[in-house]
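>>> the following comprises the amino acid sequence and a computationally predicted model.
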Amino acid sequence: MLLITCPHCGPRPELEFRWGGEAHVARPADPSALDDRAWSEFLFVRNNPKGLFAERWNHAHGCQRWFNALRDTHSDKFVATYPAGAPRPDIAAEDAR
Amino acid sequence: MRRFNLANLLTEAVRGHEGWGRQWRSPEPKKSYDVVVVGGGGHGLGTAHYLAEVHGITNVAVLEKGWIGGGNTGRNTTIIRSNYLYDESAHLYEHAVKLWEGLSRDLNYNVMYSQRGVMMLAHNVHDVQVFKRHVYANRLNGVDNEWLTPEQAQAYCPPLSIDPRARYPVLGAALQRRGGTARHDAVAWGYARAADARGVDIIQNCEVTGFRRDPATGAVTGVETTRGFIGATRVGVAAAGHTSVIMERAGVRMPLQSFPLQALVSEPVKPVFPCVVMSNAVHAYISQSDKGELVIGAGTDQYASYSQQGGLQITTHTLDAICEIFPRFSRMRMLRNWGGIVDVTPDRSPIIGKTPVPGLYVNCGWGTGGFKATPGSAHVFAHTLATGEPHPINAPFTLDRFRTGRLIDEAAAAAVAH
């Protein structure tokens, strides 16, 4: 089980959290201007890296707030967690190991 | 290849079985091939086999970064069935089951396909209605599936508890009698041996690190590997959980996320469990291997990962459910558990076909249920690679369906525990 540090509550077991997929996927500014391919990209296509991955978590059984995390998907090690809305920390994959 | 038959068996029995030799070669990669298949699991090796057997294309290499059958082919719970709801899925998986039925003979290798029946338990009114709908839909597609009362279900699978006061009461079950299990390693080895005998090169410890493309057309001209450049104008990727990683090296982003999926086995015991039982509502499935171990599958972890391990709470939850439905297993000891990485698409159906890169084809997105489809998947993927166009069975399973919106949304309606 992962130990996840909620930016608001501190380290808690994974059971309290819900995973929310990739972070920083921006909603289209002008949806009516999008063609099918752009919609497909927005709705379905995701980064799926073996390495650092920015993802959303919801502290469902805690403060219930959404936040973002940087995690190495090869080792499952969390590199950083940060509040929703904050920019992705500038950490290279090599520094994280 | 020395065929397995009675005469050879008798000869070797007298000679102490020293004359069988290696079952497949370990060749150095050639400079180029007609077709390169990336990924030496069941799907990749099967593709090479059908390219050679059905289409006569024998100048083929299978590139495997580890050892063949060491990924999800060697990690799954070996369940085979075809009772999918939608027409497209039913045709695809039924194609596979029909090939499973003749596979040992086709490969001259015993894959131990045992049609012991796959039973899906209904625990609530919703389950009952959905499963009955499945039964009727399956029959319309020529797929066998039948509805059992709780008493009939217990008669078919005596360890099942049908106590109405149970935490997960059994209100009935859907049974596909032609479903069952097969020996997972034998599937990889059988395909490898049969493909090798027709001239296919199986190259292990050879990771694809990049793709070389024609600057003018963008078409694939070969793959960069840890063992040097290998030329090929047709490349088929069957890399399961690592498909996104491989395809990114060709500049193609995929609608996939990779999740850990866990399974576990118990200590081996005498035959106590005659069939496969799946319970979608409580997320568990169980069967007994021919070695005697109970083979138990859990659900995926909630987060994307390549770690090939998952949280213990997932397996614990599964075992809670197993012990509730089968009280007699509550004191069984579990020997080991492990994880594999499964690539899941947004509609939980696979992608088999072309990509935006000319000459590059992909077979992925099998999620938690790829093993059962191995022969069918390999057969239609070989057709796609050989002719450049999809087989009618895999035509709906395009990458482009996420643009057109023609999804095959088994996620909401499947009987499988996703």
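Looks like it came in fine.
>>> neighbours of the residue of the stretch 51-200 of chain B found nearest chain A, just the number please.
The stretch 51-200 of chain B approaches chain A most closely through residue B:65 (12.1 Å), counting by C-beta to the nearest C-beta. C-betas here are computed from N, CA, C, even on glycine. If you count neighbours by other C-beta atoms under 10 Å in any protein chain shown, residue B:65 ends up with 20.
>>> buried set for the biggest helix by length in chain A?
Of all segments of type helix in chain A, defined using DSSP state H, the longest is helix A:36-43. By 16 or more other C-beta atoms under 10 Å in any protein chain shown, the buried positions in helix A:36-43 come out as A:40-41.
>>> am I right that residue B:325 is in contact with residue B:157?
No - Residue B:325 is beyond contact range of residue B:157, at 10.1 Å (criterion: C-beta atoms under 8 Å).
>>> quick one: the helices in chain A, in order.
A:36-43, A:93-96.
>>> again with chain B
B:6-15, B:42-53, B:87-101, B:103-107, B:125-140, B:150-156, B:184-197, B:243-249, B:312-325, B:374-387, B:401-404, B:410-413.
>>> columns mean pLDDT, distance to chain A and mean neighbour count on top of these, output as TSV?
Putting the helices of chain B into TSV (pLDDT from 0 to 100; distance: least, C-beta to the nearest C-beta, whole Å; neighbours: other C-beta atoms under 10 Å in any protein chain shown) gives the following:
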stretch	mean pLDDT	distance to chain A	mean neighbour count
helix B:6-15	94	44	10
helix B:42-53	98	19	30
helix B:87-101	97	18	21
helix B:103-107	97	32	18
helix B:125-140	94	23	16
helix B:150-156	97	33	16
helix B:184-197	97	23	25
helix B:243-249	97	4	21
helix B:312-325	91	5	18
helix B:374-387	98	21	25
helix B:401-404	96	4	18
helix B:410-413	64	13	16
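>>> related to what we said a few turns ago, roughly how far is the longest helix of chain A from the heart of the chain?
On the basis of C-alpha atoms, centre = their mean, to the nearest Å, the separation between the geometric centre of helix A:36-43 and that of its chain is 20 Å.
>>> how about stretch B:56-67?
What separates the centre of stretch B:56-67 from the centre of its chain is 18 Å, taken as C-alpha atoms, centre = their mean.
>>> next, count neighbours for residue B:108.
With other C-beta under 10 Å as criterion, residue B:108 counts 15.
>>> what residues are up against it?
Neighbouring residues of residue B:108 by C-beta atoms under 8 Å, 6 or more residues apart in numbering or on different chains: B:3-5, B:194.
>>> most neighbours among these, which one is it?
Result: residue B:194 is most packed of the contacts of residue B:108 (other C-beta under 10 Å), 25 neighbours.
>>> residue contacts, it?
Residues in contact with residue B:194 (C-beta under 8 Å, 6+ apart) are B:1, B:49, B:53, B:106-109.
>>> how many other residues sit next to the residue lying closest to residue B:350 once chain neighbours are set aside?
Nearest non-adjacent residue to residue B:350, counting by C-beta to C-beta, 6 or more residues apart in numbering or on different chains: residue B:365, 4.4 Å away. By the measure other C-beta under 10 Å, the count of residues near residue B:365 is 24.
>>> touching, residue B:365 and residue B:346? I think so.
No - using C-beta under 8 Å, residue B:365 makes no contact with residue B:346, being 9.2 Å away.
>>> need the overlap of contacts for those two.
residue B:255.
>>> quick one: the residue nearest to residue B:350 from residue B:347, how far?
Using C-beta to C-beta, to the nearest Å, residue B:365 is found at 9 Å from residue B:347.
>>> how about residue B:73?
From residue B:73 across to residue B:347, the span is 24 Å (C-beta to C-beta).
>>> those two: who's more crowded?
residue B:73 (28 against 21).
>>> so who does the more buried one touch?
B:41-43, B:184-185, B:187-188, B:371, B:374.
>>> quick check: the farthest pair among those residues?
B:43 and B:185 (14.8 Å; C-beta to C-beta).
>>> contacts only, for residue B:68.
Residue B:68 touches B:40-41, B:45, B:62, B:188-189, B:192, B:202, B:204, counting by C-beta under 8 Å, 6+ apart.
>>> what's the answer for residue B:255, then?
Counting by C-beta under 8 Å, 6+ apart, residue B:255 makes contact with A:40, A:44-46, B:345-346, B:351, B:365, B:399, B:402.
>>> next, the distance between the ends of stretch B:28-45.
17 Å (C-alpha to C-alpha, to the nearest Å).
>>> also stretch B:327-341?
Start-to-end span of stretch B:327-341 (C-alpha to C-alpha) is 31 Å.
>>> so what touches it?
B:71-72, B:75-76, B:159, B:161, B:240-242, B:258-267, B:269, B:272, B:293-294, B:296, B:305-310, B:315, B:319, B:322-323.
>>> buried subset of these as a ChimeraX selection?
Entered in ChimeraX, the line below selects the buried ones among those, by 16+ other C-beta under 10 Å:
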select /B:71,72,75,76,159,240,241,242,258,259,260,261,262,263,264,265,266,293,294,296,305,306,307,308,310,315,319,322
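>>> from the contacts of stretch B:327-341, which ones fall inside strands?
B:258-266, B:294, B:296 (DSSP state E).
>>> give me the subset of the residues you listed touching chain A.
residue B:258 (C-beta under 8 Å from any C-beta of the partner chain).
>>> can you add distance to residue B:90 and pLDDT and give the ones in strands among the contacts of stretch B:327-341 back as CSV?
Below are these laid out as CSV (distance: C-beta to C-beta, whole Å; pLDDT from 0 to 100):
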residue, distance to residue B:90, pLDDT
B:258, 26, 97
B:259, 25, 96
B:260, 28, 95
B:261, 23, 94
B:262, 28, 94
B:263, 25, 94
B:264, 30, 94
B:265, 30, 96
B:266, 33, 96
B:294, 29, 96
B:296, 27, 95
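>>> from the ones in strands among the contacts of stretch B:327-341, which is closest to chain A?
Using C-beta to the nearest C-beta, residue B:258 comes nearest to chain A of those, at 5.7 Å.
>>> check contacts around the closest one.
Residue B:258 neighbours (C-beta under 8 Å, 6+ apart): A:48, A:73, B:241-242, B:244, B:304-306, B:341-344.
>>> can you rerun that using 10 Å?
Taking C-beta atoms under 10 Å, 6 or more residues apart in numbering or on different chains, we find residue B:258 in contact with A:48-50, A:73, B:240-245, B:300, B:304-306, B:341-344.
>>> how near is residue A:10 to chain B?
19 Å (C-beta to the nearest C-beta, to the nearest Å).
>>> next: residue A:89.
To chain B, residue A:89 is 19 Å away according to C-beta to the nearest C-beta.
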